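Novice: give me coordinates for this.
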Amino acid sequence: MSTRRVRFDDEKKGSIHVFGLGIRLVMQITLESNYLLQQMECVFHLEDGPEISDYLASIECPEVSLRHLYAEGKPREQAYNEIANEILEAALTGTTCGYLTQGNPVFLNTVVFTLRDSAAHHGIPFFVYPGVSSIDTLLTDLFLAVEATGLQGFEATHFVRMRPQIDKRVPLILFQPAIVEALDVRYTTGAYAPGVKILQDVLAEMYGHSQEWILLRSAMSRDDSAMVSTGIVSELLEKAKHLELGTLIIPGDWN
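Specialist: Now for the predicted structure:
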């Protein structure tokens, strides 16, 4: 898999090019991605606000919104497969397809991995271009000196299933804590309370009920700012409404 010097005019079949959008939308699109997006015949995305549409229009790039496929209550696996299939079908017609997706495209992104496997199966050229991940913005917003503290990080559902051996001295980062064991799309209904309770019980077992946590939601747009909530493990379910779109941090003894 290559990510550089693609000659689109030499390709005899369609291709799929995945671009990391970053966490703060248009402001974190790289110059590399900005240049290559202008060479796409169509760009798929899941954003429902005007910012991405306005940006793509400004670089004269045809867009296709697939937001309707990520529908409230739909099983997540079904939604991911339908999104990937729409992009794959366009590539199979010979179209140079872009897919603009939040964050870093290979971090917590089932659609991208599904696309990669499908493209390989059909012999379709597949390329990925980096974006700013939630890890990058989190380290910056909290000013974590990970070179000194180390870092432990898990997607929250995998964390509760694995119950890994952890080092309490090292900061622990849990991504997507609001949807632990949630199998359907929860775009508007907020945190999945049964899953939050599972996460709370696992953290209480590992750290104790009085362990402090930090909940960070990074700035999501130009006019937004990072939001920070705090609490202790025994309050996690009570404060579940704060978890939506946030990342949970157990600070450890680094400070």
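Novice: now the helices for the protein?
Specialist: Ranges of helices in the chain, per DSSP state H, are 31-37, 50-58, 76-92, 110-122, 134-142, 146-149, 156-162, 193-207.
Novice: what's the closest of these to Thr101?
Specialist: Of all the helices of the chain, it is helix 110-122 that lies closest to Thr101, at 6.5 Å by CB to CB. Where you see a C-beta, it was placed from the backbone N, CA and C, and this is true even at glycine.
Novice: show me what the closest one is packed against.
Specialist: For helix 110-122, the packing partners by 3 or more CB pairs under 8 Å, 6 or more residues apart in numbering; DSSP states H and E come out as strand 15-20, helix 76-92, strand 96-101, strand 126-129.
Novice: turn these into TSV, columns for mean pLDDT and mean neighbour count.
Specialist: Below are the helices and strands packed on helix 110-122 laid out as TSV (pLDDT from 0 to 100; neighbours: other CB atoms under 10 Å):
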stretch	mean pLDDT	mean neighbour count
strand 15-20	97	24
helix 76-92	96	18
strand 96-101	96	26
strand 126-129	97	20
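Novice: quick one, which of the ones you listed is nearest to Asp167?
Specialist: Closest to Asp167 of the helices and strands packed on helix 110-122 is strand 15-20 (CB to CB; 30.0 Å).
Novice: follow-up on the earlier one: closest one to Arg186 among the helices of the chain?
Specialist: The closest of the helices of the chain to Arg186 is helix 76-92. By CB to CB, the value is 9.0 Å.
Novice: report the distance from stretch 178-191 to the chain centre.
Specialist: Stretch 178-191 sits 14 Å away from the centroid of its parent chain (CA atoms, centre = their mean, to the nearest Å).
Novice: sweet, I'm off.
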